[in-house]
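Visitor: sequence and predicted structure below; questions after.
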Amino acid sequence: MQTGQNGKRYSFLMASLSLFQIKELKVRIKIHLSSRIPWVFNFCFYKKAGRVEIAIVGDKLFASTGKTSVFEKTEVTCQEAHGSIAAPRNLNENKAIQKIVQYYNSYAYLGIMESDEPGKFHFRNGDPLNFTNWYKNEPSSQGVEKCVEMYNDGTWNDKMCNNYRLEVCEF
């Protein structure tokens, strides 16, 4: 029986994961991320996860259960797990998300949106982009494609928000 920071017991979450998955999570999650563990378990439990792919960069943890959804639903899923849609702010974070995208062999939405000014993009929280990894000749929509997806090679493409893409959250 484990107890999180909020005093909740997580034995029911542990039961929903295999022993192998629990051991894998324990090995891959650094001690300085321990305050985020309850949210990752909540994310896994909420999504009825079979296999969870995780990547850690600095103090960020990126996770996906392999499920796909439209952008708006992905945003809600990540928020309900007390996270946000993965949004790389540097090359190492981009590579971490790419690893998850490659594992599931599925493009993923990023927490990046087009601003009111066509062709200008920003993080979902409004911060300007200080790192980009656009695919050749992207972004290309000039106002029509408001969301951003990551390809398997780690490059980005502007895309309409109603396509099903891999849910990758950051914690």
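Guide: Structure received.
Visitor: how about stretch 105-125: buried residues?
Guide: For stretch 105-125, a neighbour-count test (16 or more other CB atoms under 10 Å) marks 106-114, 121, 123-124 as buried. All C-beta atoms are positioned from the backbone trio N, CA, C, and that covers glycine.
Visitor: quick one: end-to-end distance for that stretch.
Guide: 27 Å (CA to CA, to the nearest Å).
Visitor: please apply the same query to stretch 111-121.
Guide: 10 Å.
Visitor: now the buried residues of stretch 105-125 in a markdown table, with pLDDT, secondary structure and distance to residue 71?
Guide: Converted to a markdown table, the buried residues of stretch 105-125 look like this (pLDDT from 0 to 100; DSSP: H, G, I helix; E, B strand; the rest coil; distance: CB to CB, whole Å):
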| residue | pLDDT | secondary structure | distance to residue 71 |
| --- | --- | --- | --- |
| 106 | 97 | coil | 14 |
| 107 | 98 | coil | 12 |
| 108 | 99 | strand | 10 |
| 109 | 98 | strand | 5 |
| 110 | 99 | strand | 10 |
| 111 | 98 | strand | 10 |
| 112 | 98 | strand | 10 |
| 113 | 97 | strand | 9 |
| 114 | 95 | strand | 12 |
| 121 | 96 | strand | 14 |
| 123 | 97 | strand | 14 |
| 124 | 94 | coil | 10 |
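Visitor: export these to JSON lines and tack on distance to residue 137?
Guide: Formatted as JSON lines, the buried residues of stretch 105-125 follow (distance: CB to CB, whole Å):
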{"residue": "106", "distance to residue 137": "23"}
{"residue": "107", "distance to residue 137": "17"}
{"residue": "108", "distance to residue 137": "21"}
{"residue": "109", "distance to residue 137": "20"}
{"residue": "110", "distance to residue 137": "18"}
{"residue": "111", "distance to residue 137": "23"}
{"residue": "112", "distance to residue 137": "18"}
{"residue": "113", "distance to residue 137": "20"}
{"residue": "114", "distance to residue 137": "16"}
{"residue": "121", "distance to residue 137": "15"}
{"residue": "123", "distance to residue 137": "22"}
{"residue": "124", "distance to residue 137": "24"}
